[in-house]
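J.: Could you work out the structure for the sequence below:
(chains A and B)
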Amino acid sequence: MKTLTKTMIACAMAIAMTVNAQTSQETDFPPTEEMNIADSILLEVTYDVTVKYGKPKEATRNDVMTLEIGNSVWHSWLKGERKADYARMESLYTSGRRGLGFFTFPYTYIGEVFGNFPQGQATVIKNLDAAGVYQYREDLVQMDWNISSETKKVLEYECSKATCQFRGRNYTAWFTPEIPLKVGPYKFTGLPGLILEISSDDGEYKFTATGLEKPHNHKDILYWKREYVNMERNKVEQREAMLVKDPFSFLADYGFKMRFADGGGVGKWSGCFNPIEK
Amino acid sequence: MKRVLFIIISAMTLHSVKAQTVIEGCVMDSVGTPIESAILTLMSKKDSSIISFGFSNMEGRYTLNFKNEEPDFNMRLTGFNIKTEYRTVENKSQSVDWRITEENIMLREVQIKANKIWGKDTLNYLVTSFMRDHDSSIGDALKRMPGITIEDDGKIKYNGVSISKFYIENMDLLQGRYNMAVNNLKATDIQTVQVMENHQHVKALQDQELPEAAAINLKLKKEKKGVWTRRLNLGLGWDNDLLRNNDANLWFFGKKQQRVFFYGNNNVGKSSDLLTSHYGGSGISPATMTSMVMPDLSPVGNSNYNDLHQMMTNNLEKLSETSELHYDLTYSHDIQPRNNFCQTNYLMPDGSTQILVENASARMTNNSLNINLTYEDNREMMFLKNSLQLTGIWNSGHGNIVSDKNISQQSFNRTLGMSDAIEYIHRTDGGGGFKLSSNITLQTTPQSITVSPGIYEDILNNGNTFEKARQYLKVNNFSTNNTFSLLKSIRRHAFNIVPTISLNATHANIHSALSADGLVPSSNFDGTMDYTKLTGSLGLTMRYTKNDFNLSLRTPVTSSLTFLGNRSGTDENDRDRFHLDVNPSFDMTWKISDYWSVFSNGAYATSETSWTNLYGTYVLNNYRNISRHDADIYDEERLGARMKINYKDIFNGFLAYVEMSASRSNRKVIYSTTFDKNSLATVTMLYAPNHSNSQGITANLHKDFDWKEMSIDLTGSLQWNNGQYMRQSELVNHHTKGHSIGGTFRCSPARWLDLDVSGNYSSSQHGTSDGLSQRGIHNFTGTCNIKFTILKEKLFLGMAANHSYNNCRQGQKDYTFFKADATYSVNNNLRFTLEADNLLNTRKYVSFINSDMTEHYRVYHIRPRSIMLRAAIGI
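T.: Model prediction:
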């Protein structure tokens, strides 16, 4: 038995050593050399995001938004969108072609937002799959908040109510002066405390904080310096709307022939699109 | 008049100007550096309502404009990592400068409370939300995830259905042996667990019907990718002997390769479940027709006195974006000495009971080797997979039975097999295509048993006693299954019909020799049989698809030709039979909404008497049974249907399902069991049309609560079965009715306390149509696990209690076992655990089960109180 045991251990070690010799630390994606540090993270906030996207009317998407807050820059992104973004970019980097081979929503519905990056401006990034990765910059939005005396607790923090109107929707926000940061998810800023909950009054968009974390180790807000299609905000939105209205014609303009996995025709497809900014 | 008007307007304007107050200033630190983003808030002294607020800019400057009648206000300076300061300011335009003091902000609940679950068709479970500091592996966290259950043998189910794939970083490294990952990967290494509902692995079939089963994918943390993870678990302990439980495992998860190497040994009773393949196995298993009576293991565990060595290496090479190569090897060597006392009560048709008492001890050595080489290319328009498997399973053992007389038994079984399976799918641009699958299996199983003193004297030695009986038997079998079917896109054709053709062949050759004292008593005991079956089927598959509704109906017409040759022991040595069947079946999937879904399937199937049940020569199966089958080839008809309704509101942690099933079997032949005066059985297969029915309903509810991380899971089921048995040449109608209800409750009442309590009550009634009824059985099993965190992330204490009650046990009806452990985590790479098991030092356990008109009492010898020190080392 001892001999058997020794033999098995020896075999396992020999195989392990052989294989060990052929491997080393692999590179990660996205390439680290393309990641620029925008700021270091002081606080990370996670939000549960619910979006009613319209077809059928009650259909909802759930995702998780991370808000990274630095000394001067803040950055919000969605897990689901980032996953699609990375998959699309990995496909581009490995095959040299844009467009995933399989059917995915070719648009984003919220996008990645850098606040105060560059100084005084917001940078918004949207990966529209085969149509390219779009980026626009605009001045930081000054929101006209009305603060009421109403309060409630979110995440065990005492929050005050504030309302505002922003690009086609009325919003109700709950912010906590206990965390004296003027930021919130997406582009929502300008309250004397961190926004822990905000929802559009039509019920179509809702962000609810589910977690707060001070990073235990040093972490940075990273900006991926890659090839962007730079345009103004309204033009990016127009293109996104066109993409949704008739994605196959739109992408055909970019030289992409779209088809379903079975090779069949695409038929008449009308996307379910309900952008946050109307 | 104009003058008066001018004075009034001027006064109003002046008043208005006075009401618009501007407070501005600068925020700097102690050395005069401007502070950006400080928050200045002006609040009413009466009710602290906010009158105005603003932020400092890059230069540290701020401005507050407001209108208010109050004479003065409270002004507050706040900011991240800035000490909050208050001042009282008068209601007048003025400049107010601030010098800040830095202070680390103290956040309550500074911990990740990130959303536990997100996604739609792919659900993402954030592992940190489901893990505890004291967890040893990802399996502990998986059990807490809504919808996921892990059964005793490690099988993972999602919403009550076994998962079809287990990926790590989207690659199926383990090929179904996922117990290895579930038990060995640390929860802290995993970022998220993804559940892909209705998962279809083959891309070229993703437009076909929606599978019911889900797949699981483990997403690793970034730092665990592309690096070797090495773990060593060492355990040394004592009961009445030296105990050891050691293993070493190495994992590598890269983009182009994934590998795992594992070696483990233990003598603490842990089984070889780690190597169990839950899908994708070779399909080779011993064709056992004779074997030694081996005492079984206690249902409460702790009765396995083993010496197990096992090793595994699984490797996956990504050859391109779509293709990969797997090469795996598993080997296990296990010596198991077992003993128990068993009393078997056979219910006779006349109401009497025949009792067999056995005191059995045996020692079995089991070896298993499996080698697998698989190539797979998984593209949208093409799929090719070839899997070659070589399997060797060999075991030998000896033992003694003390019954009316002392009987010794020796046996061996050596199975060597090879299988190859190929699947090819081709899709066309027009949505059409075809699927071709073929597999071949070859195996040989020599086996033997020797029993002494000789038994079945009347059959084997004309009623004279003899020293020993030896049964030797060799089975060689070959089978091939080949299917060709056309494919059509269900996206393009809501209703489509495609043909399917299949050709199958099975050949088996059996040779047996049964001797008494080394002499063959007569030619009747030296037998052979050649069995060949050719099956061809032609069928149509009809599919109807609309939105998320999918219905498939298959109507294969099957013709089969069976040849029996050299069949000794029967009147007819050669026999052939042609048979034609229609075996329709259907599957229905309907995803009504994001919350509701319905699955249903049903089939009418016929199956011919299997070749092992056509062997006409006497075979000594074990010391309790001798059998021969002189019946002809008959068909068994089975009709079954099942429906499952699911409700899933995963974000509110509520899942529920109801599953109903019913089946009926009609058979032309029956196993006739005749017991002699010593309760030894002679089994023959006879022509006697009979049937059996089975119905069942199961319901499950699961709810998670945010409060104290509580979760409740409840399952209830009802079962009705009836069937016919032939005992002592009489046909008996037997029925069973049973129900069970069980639940699990998990909760963390405090940060330092985790509770996990589960219980199950079951009850069953057995009886015959002649009014004979057996005692009703009431069973309860319960477990309670408590974990205390003594020092956060460092020191944990655990206690567990298992309780078992059965009303039919003789004497002691309740058993409770206790165990305890203490874990000290030095750092992420070193953790010590001290375990103490069977604290009450209970040395025997009695079980009672009832099945098929037979009651089994068993007394198991439980392992004594033990203590073990384990070290988990990350290298």
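J.: In the stretch 601-750 of chain B, where is pLDDT below threshold?
T.: The model of the stretch 601-750 of chain B has pLDDT under 70 over residues B:631, B:651.
J.: can you pull the contacts of B:K221?
T.: Counting by C-beta atoms under 8 Å, 6 or more residues apart in numbering or on different chains, B:K221 touches B:T188, B:D189, B:I190, B:Q191. Yep, even glycine has a C-beta here, placed from its N, CA and C like the rest.
J.: what's near enough to touch residue 75?
T.: Went with chain A since none was named. A:H75 makes contact with A:A38, A:D39, A:L67, A:E68, A:E112, A:V113, A:F114, A:G115, A:F117, A:I221, according to C-beta under 8 Å, 6+ apart.
J.: my bad, chain B
T.: B:M75 makes contact with B:I23, B:L40, B:T41, B:L42, B:M43, B:Y86, B:R87, B:T88, B:V89, B:V96, according to C-beta under 8 Å, 6+ apart.
J.: Those residues: which ones sit near chain A?
T.: Here is what survives when these are matched to chain A using C-beta under 8 Å from any C-beta of the partner chain: B:T41.
J.: Any of the contacts of B:M75 buried? List them.
T.: By neighbour count, with 16 or more other C-beta atoms under 10 Å in any protein chain shown, those hold B:I23, B:L40, B:T41, B:L42, B:M43, B:V89, B:V96 as buried.
J.: residues near A:W145, how many?
T.: If you count neighbours by other C-beta atoms under 10 Å in any protein chain shown, A:W145 ends up with 19.
J.: if we can go back for a sec, okay, and which of the buried ones among the contacts of B:M75 map to strands?
T.: Residues of the buried ones among the contacts of B:M75 located in strands (DSSP state E): B:I23, B:L40, B:T41, B:L42, B:M43, B:V89.
J.: Turn these into CSV, including pLDDT.
T.: As requested, those are arranged in CSV below (pLDDT from 0 to 100):
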residue, pLDDT
B:I23, 92
B:L40, 92
B:T41, 91
B:L42, 89
B:M43, 87
B:V89, 91
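J.: Tell me the one among those nearest to chain A.
T.: Taking C-beta to the nearest C-beta as the measure, chain A sits nearest to B:T41 out of these, at 5.0 Å.
J.: wait, doesn't the closest one sit right on A:K182?
T.: No - contact criterion C-beta atoms under 8 Å: B:T41 and A:K182 do not qualify, at 11.1 Å.
J.: shared neighbours, those two?
T.: With C-beta under 8 Å, 6+ apart, B:T41 and A:K182 have common neighbours A:P192.
J.: quick one: low-confidence parts of the stretch 301-450 of chain B?
T.: In the stretch 301-450 of chain B (pLDDT under 70), no residue qualifies.
J.: now what about the helix or strand that B:C26 is a member of, what contacts it?
T.: Per DSSP states H and E, B:C26 falls inside strand B:20-28. With contact meaning C-beta under 8 Å, 6+ apart, strand B:20-28 is reached by B:34-35, B:38, B:40, B:42, B:56, B:59-68, B:75, B:77, B:79, B:89, B:91-100.
J.: And that strand, how far out from the chain middle?
T.: Relative to the centre of its chain, strand B:20-28 is centred 66 Å away, using C-alpha atoms, centre = their mean, to the nearest Å.
J.: again with stretch B:844-864
T.: Distance of stretch B:844-864 from its chain centroid, counting by C-alpha atoms, centre = their mean, is 26 Å.
J.: Buried residues, it. List them.
T.: For stretch B:844-864, by 16+ other C-beta under 10 Å, it's B:845-848, B:850, B:853-855, B:857-863.
J.: Out of the contacts of strand B:20-28, which end up buried?
T.: By neighbour count, with 16+ other C-beta under 10 Å, the contacts of strand B:20-28 hold B:35, B:38, B:40, B:42, B:56, B:60, B:62, B:64, B:66, B:75, B:77, B:79, B:89, B:91, B:96, B:98, B:100 as buried.
J.: Just list the residues touching the residue nearest to B:I335 when sequence neighbours are not counted, thanks.
T.: For B:I335, ignoring the flanking residues on the chain, the nearest one in space by C-beta to C-beta, 6 or more residues apart in numbering or on different chains is B:D307 at 4.4 Å. By C-beta under 8 Å, 6+ apart, the contact list for B:D307 reads A:M1, B:N265, B:N267, B:D334, B:I335, B:Q336.
J.: Do I have it right that the fourth one meets B:W394?
T.: So the one you mean is B:D334. No - using C-beta under 8 Å, B:D334 is not in contact with B:W394; the gap is 11.8 Å.
J.: which stretches of the stretch 1-150 of chain A have low pLDDT?
T.: Along the stretch 1-150 of chain A, the parts satisfying pLDDT under 70 run over A:1-28, A:54-59, A:95-108, A:130.
J.: how about the helices of it, start to end?
T.: Here the stretch 1-150 of chain A has its helices, by DSSP state H, counting those that start in this stretch, at A:2-22, A:79-95.
J.: Going by neighbour count, which residues in the shortest one are buried?
T.: Meaning helix A:79-95. If you call a residue buried by 16+ other C-beta under 10 Å, then helix A:79-95 has these buried ones: A:K79, A:G80, A:E81, A:A84, A:D85, A:A87, A:R88, A:M89, A:S91, A:L92.
J.: so what secondary structure elements neighbour that helix?
T.: Here helix A:79-95 is seen to pack against strand A:60-70, strand A:112-115, strand A:121-127, strand B:117-119 when contacts are counted using 3 or more C-beta pairs under 8 Å, 6 or more residues apart in numbering or on different chains; DSSP states H and E.
J.: and the direction of that helix versus that of strand A:60-70, what angle?
T.: Our comparison of helix A:79-95 with strand A:60-70, counting by axes from the mean of the first three to the mean of the last three C-alpha atoms, to 10 degrees, yields an angle of 80 degrees.
J.: Spatially, what comes nearest to A:C159 if we skip its sequence neighbours?
T.: A:W174 (3.9 Å).
J.: before we move on, the earlier item: most widely separated two among the buried ones among the contacts of B:M75?
T.: Longest distance between any two of the buried ones among the contacts of B:M75 is 14.1 Å, between B:M43 and B:V96; criterion C-beta to C-beta.
J.: tell me the contacts of B:Q443?
T.: Counting by C-beta under 8 Å, 6+ apart, B:Q443 touches B:I284, B:A287, B:T391, B:T415, B:L416, B:G417, B:M418, B:N476, B:N477, B:F478.
J.: ok, 6 Å please
T.: Applying C-beta atoms under 6 Å, 6 or more residues apart in numbering or on different chains to B:Q443 gives the contacts B:I284, B:G417, B:N477.
J.: for B:P349, same thing?
T.: Shown in contact with B:P349 (C-beta under 6 Å, 6+ apart): B:R727, B:E730, B:V732.
J.: from the buried residues of stretch B:844-864, which ones fall inside helices?
T.: Among these, no member falls in helices (DSSP state H).
J.: Could you identify the most distant pair in these?
T.: Spanning the widest gap among the buried residues of stretch B:844-864 are B:M853 and B:R863, at 33.1 Å by C-beta to C-beta.
J.: just the angle between the strand holding B:C26 and strand B:39-44, please?
T.: Here the directions of strand B:20-28 and strand B:39-44 differ by 140 degrees (the same axes, to 10 degrees).
J.: B:K255 and chain A: what is the separation?
T.: B:K255 is 6 Å from chain A, where distance means C-beta to the nearest C-beta, to the nearest Å.
J.: would you say B:E223 is within a helix?
T.: Yes - counting by DSSP: H, G, I helix; E, B strand; the rest coil, B:E223 is found in a helix.
J.: Reformat the ones in strands among the buried ones among the contacts of B:M75 as TSV; add distance to A:A209.
T.: Below are those laid out as TSV (distance: C-beta to C-beta, whole Å):
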residue	distance to A:A209
B:I23	31
B:L40	24
B:T41	21
B:L42	26
B:M43	24
B:V89	32
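J.: out of the residues you listed, who's nearest B:N613?
T.: B:T41 (86.6 Å).
J.: Just the buried residues of stretch A:235-242, please?
T.: For stretch A:235-242, a neighbour-count test (16+ other C-beta under 10 Å) marks A:V236, A:E237, A:R239, A:E240 as buried.
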